[in-house]
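>>> sequence? don't have it. structure:
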C-alpha cells in the first residue's frame, strides 16, 4: 500500500511538472530558454562610459590666435580631451561661477564646433553632475569657446545665446599652450572680408585649391558574404536565432524575421536596419541614460566606425511612447561626409525608448584601399569662384535660345553666409555609385548649398 501511494504521489508530481513545462513551451516559445549575459558582454556594458567621449565630440576646431585663423578637423593634439576636463571643472563649480549672457566674443579663441545643438544633459550625465541650474541656463551646447587671453573663463553657445562663465576653478592654460605651439603655416589658409558685388562675406573663406578626388569606397556590409551576414544576424537575435525566418530577394536584400515583431534587413547597397516590437517599452525621461543605451548597444553589436561623431539628437514619439533619436555621422580623410537627401539617409541612426533600442539604421562606407592609386590630389575651383559662378545677378536672358543656367545664390544672400567648408558628398544608395565627390558646402541662414568642387555646379540644396 505504502509503495503504491508513493508511486501515485511521484506520478502526480511528474504530471504537474510536465504540464508546467509544456505551458511554458507553448505560451512562451522560445523565451523559456533563459539567455544569460556573458561576462564579456557585461564588460562591454561597463566600458560604455569610456566610449562616450569618443563619439560626443566636435566636428572641427576653429583657431583664431595672433592674427592667424584656421580650422582643424583632426585633433592630433587631443585638444577635445583636455577641453572635457575643463568643462567638468566648469560644471562642478557652476553654482559659484560668474555667469552672464554676452553678445561679445573673445578676441583670441579656440572654438569647438559641434554639428548641431547637443543637450547639455549628455555632458553632465557623463560627468555625474546633477545640477538643474546647468540645464536651465545652458540647455544645449553648440560651441565651446576657450578664451586664449583669460585662463579662468570660457564661453558656451547654446544655439541662441552665448554664456560667459568665469571662475577660479577654470584653468585653460594647457589648451592655450597647445595653440601657442600650433603650426599655422602647415594649416589651411583663409581670406577675410571678401567682397562680391556690393556685398561682403562676413566669415573667413578657405583658400584651398587642391583636394583628393574621387574617394573610392565600399560598403562595410556585403550581402553576398553569407557567412558574415549570418554572423551579424546571430549576434542580433542571440538566443532567438534558431527561430528566425530568413528570406533573400532577387535584388540581393536579405531579411531575418522573428515572430513578425522583430526584423533585421540588409540591402544590396549595404544599408542595415531593424525594428524591435518585442519589448515592453517605458517612456524615456533622461536623454543621457537613453544615449548610454544607444552607445552600449552599438558597441556590442557592430561597433562605431572610425572618426564618428554625434551629429543630432531629437525627441521622438514611437507608438505612443516618448524616446530619443540619436544620429551619428563620420569623417573620411578628416573631412565631414554629407549624405544626399534625395533619399533620407544617414550614417547611423538609433531610436531609443527607455533603455531599449527600437529602431537602428546603419549605412557605413569605408575607403577602398585597393583603388588608392586612383585617388589623387587634383585642382579644385576656389570657394570664392564657386560663389561667383552660382550668383544670380538677375540679368535677363531674353533673346537666348539656351536654357538659363541654374544660379541658386542671390547677391543679397552674400552677407548672410555663415559657413564655408570643403567636404565629401555621398550619393549613397544611387546604383553604381561607390565613390565620394569633393564638394564646397555653403551655409546661408537655414539653407545649405552643396556644390561640386571640380565643376562648381550645384549638387543639392537643403
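Perfect, thanks for sending it. Since we're looking at a predicted model, the values are computed, not measured.

>>> Can you give the domain ranges for this protein?
Using automatic domain parsing, the domains assigned to the chain come out as 51-187, 217-367, 369-461.

>>> can you list these in a markdown table and add mean neighbour count, distance to residue 193 and mean pLDDT?
Placement of C-beta: from N, CA and C, glycine included. Converted to a markdown table, the domains of the chain look like this (neighbours: other CB atoms under 10 Å; distance: least, CB to CB, whole Å; pLDDT from 0 to 100):
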| stretch | mean neighbour count | distance to residue 193 | mean pLDDT |
| --- | --- | --- | --- |
| domain 51-187 | 17 | 12 | 95 |
| domain 217-367 | 17 | 25 | 89 |
| domain 369-461 | 16 | 11 | 85 |
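
>>> Any idea which of those domains gets closest to residue 211?
domain 369-461 (4.5 Å; CB to CB).

>>> can you give me how far that closest one is from the chain middle?
23 Å (CA atoms, centre = their mean, to the nearest Å).

>>> how about the helices of the stretch 301-450 of the chain, start to end?
383-389 (DSSP state H, counting those that start in this stretch).

>>> can you give me the strands for it?
Using DSSP state E, counting those that start in this stretch, the strands found in the stretch 301-450 of the chain span residues 308-318, 321-332, 335-339, 348-353, 356-362, 365-367, 376-379, 391-392, 409-410, 417-426, 435-444, 447-452.

>>> In a markdown table: those strands, plus distance to residue 102.
As requested, those are arranged in a markdown table below (distance: least, CB to CB, whole Å):
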| stretch | distance to residue 102 |
| --- | --- |
| strand 308-318 | 26 |
| strand 321-332 | 31 |
| strand 335-339 | 29 |
| strand 348-353 | 35 |
| strand 356-362 | 40 |
| strand 365-367 | 42 |
| strand 376-379 | 42 |
| strand 391-392 | 35 |
| strand 409-410 | 32 |
| strand 417-426 | 19 |
| strand 435-444 | 24 |
| strand 447-452 | 28 |
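
>>> Which one of these lies nearest to residue 52?
Of all the strands of the stretch 301-450 of the chain, strand 308-318 comes closest under CB to CB, at 9.4 Å.

>>> what comes into contact with that closest one?
The set of residues external to strand 308-318 that reach it, using CB atoms under 8 Å, 6 or more residues apart in numbering, is 54-59, 114-119, 122, 281, 287, 291, 322-331, 346-348, 351, 353, 358-359.

>>> Let me know which of the domains of the chain is the nearest to residue 206.
For residue 206, the closest of the domains of the chain is domain 369-461, at 6.0 Å, according to CB to CB.

>>> got the end-to-end distance for that closest one?
Terminal residues of domain 369-461 are spaced 31 Å apart (CA to CA, to the nearest Å).

>>> Please tell me how far the nearest residue to residue 350 once chain neighbours are set aside sits from residue 273.
Spatial nearest neighbour of residue 350, chain neighbours left out: residue 294 (4.2 Å); criterion: CB to CB, 6 or more residues apart in numbering. As judged by CB to CB, to the nearest Å, residue 294 and residue 273 stand 15 Å apart.

>>> again, but for residue 133
Per CB to CB, residue 133 is found 40 Å from residue 273.

>>> Ok, residue 199 next?
Taking CB to CB, one finds residue 199 at 44 Å from residue 273.

>>> my read: residue 257 touches residue 263, true?
Yes: between residue 257 and residue 263 there is a contact at 5.4 Å, judged by CB atoms under 8 Å.

>>> mind checking the backbone torsions on residue 182?
Dihedral pair for residue 182: phi -70, psi 140, per degrees, to the nearest 10.

>>> need the contact list for it.
For residue 182, the contact set (CB under 8 Å, 6+ apart) comprises 63, 65, 68.

>>> what's the closest of those residues to residue 372?
Among the contacts of residue 182, and counting by CB to CB, the member closest to residue 372 is residue 63, at 30.5 Å.

>>> thinking again about what came up before, possible to save the domains of the chain as CSV with distance to residue 195?
CSV is the format used below for the domains of the chain (distance: least, CB to CB, whole Å):
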stretch, distance to residue 195
domain 51-187, 18
domain 217-367, 28
domain 369-461, 9
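
>>> Of those domains, which is nearest residue 205?
Comparing these by CB to CB, domain 369-461 comes nearest, at 5.3 Å.

>>> Of all the strands of the stretch 301-450 of the chain, which one is nearest residue 104?
When the strands of the stretch 301-450 of the chain are compared (using CB to CB), the closest one is strand 417-426, at 18.2 Å.

>>> elements contacting the closest one?
Applying 3 or more CB pairs under 8 Å, 6 or more residues apart in numbering; DSSP states H and E, one finds that strand 417-426 contacts strand 205-206, strand 335-339, helix 383-389, strand 435-444.

>>> Show me the contact partners of the second one.
This points to strand 335-339. 59-60, 73, 115, 329-331, 345-347, 363, 421-426, 428, 436, 439, 441, 450.

>>> Note down every partner strand of that strand and its orientation.
Strand 335-339 pairs in its sheet with strand 321-332 (antiparallel), strand 417-426 (parallel), by DSSP bridges.

>>> how about the ones you listed, which one is nearest residue 162?
strand 417-426 (14.9 Å).

>>> what's the angle from that closest one to strand 447-452?
50 degrees (axes from the mean of the first three to the mean of the last three CA atoms, to 10 degrees).

>>> between strand 417-426 and strand 435-444, how many degrees?
Per the same axes, to 10 degrees, the angle that strand 417-426 makes with strand 435-444 is 170 degrees.

>>> Adjust the sequence numbering to begin at 29 for everything that follows.
Renumbered: residue one is now 29, and that last one reads strand 445-454.

>>> contact partners of strand 445-454?
Defining contact as CB under 8 Å, 6+ apart, one finds that strand 445-454 is touched by 88, 99, 229-231, 233-234, 236, 239, 243, 245, 360-361, 363-368, 393, 408, 411, 415, 464-473, 478, 480-481, 487-488.

>>> Now do residue 101 against residue 245, distance only.
Using CB to CB, which is the criterion applied here, residue 101 is 18 Å from residue 245.

>>> whoops, I mixed them up, residue 199
Here the criterion is CB to CB. By it, residue 199 lies 43 Å from residue 245.

>>> On the pLDDT front, check the closest residue to residue 402 other than its chain neighbours for me.
Leaving aside its sequence neighbours, residue 402 sits nearest to residue 244 (CB to CB, 6+ apart; 6.5 Å). You'll see residue 244 listed with a pLDDT of 91.

>>> Tell me who's in contact with residue 244.
Contacts of residue 244 by CB under 8 Å, 6+ apart are 395, 396, 399, 402, 403, 462, 463.

>>> Go ahead and list the helix or strand containing residue 183.
strand 181-185 (DSSP states H and E).

>>> Which neighbouring elements make contact with the helix or strand that that strand is followed by?
Helices and strands here follow DSSP H and E; after strand 181-185, the next one along the chain is strand 190-194. Strand 190-194 sits against strand 126-129, strand 181-185, with contacts defined as 3+ CB pairs under 8 Å, 6+ apart.
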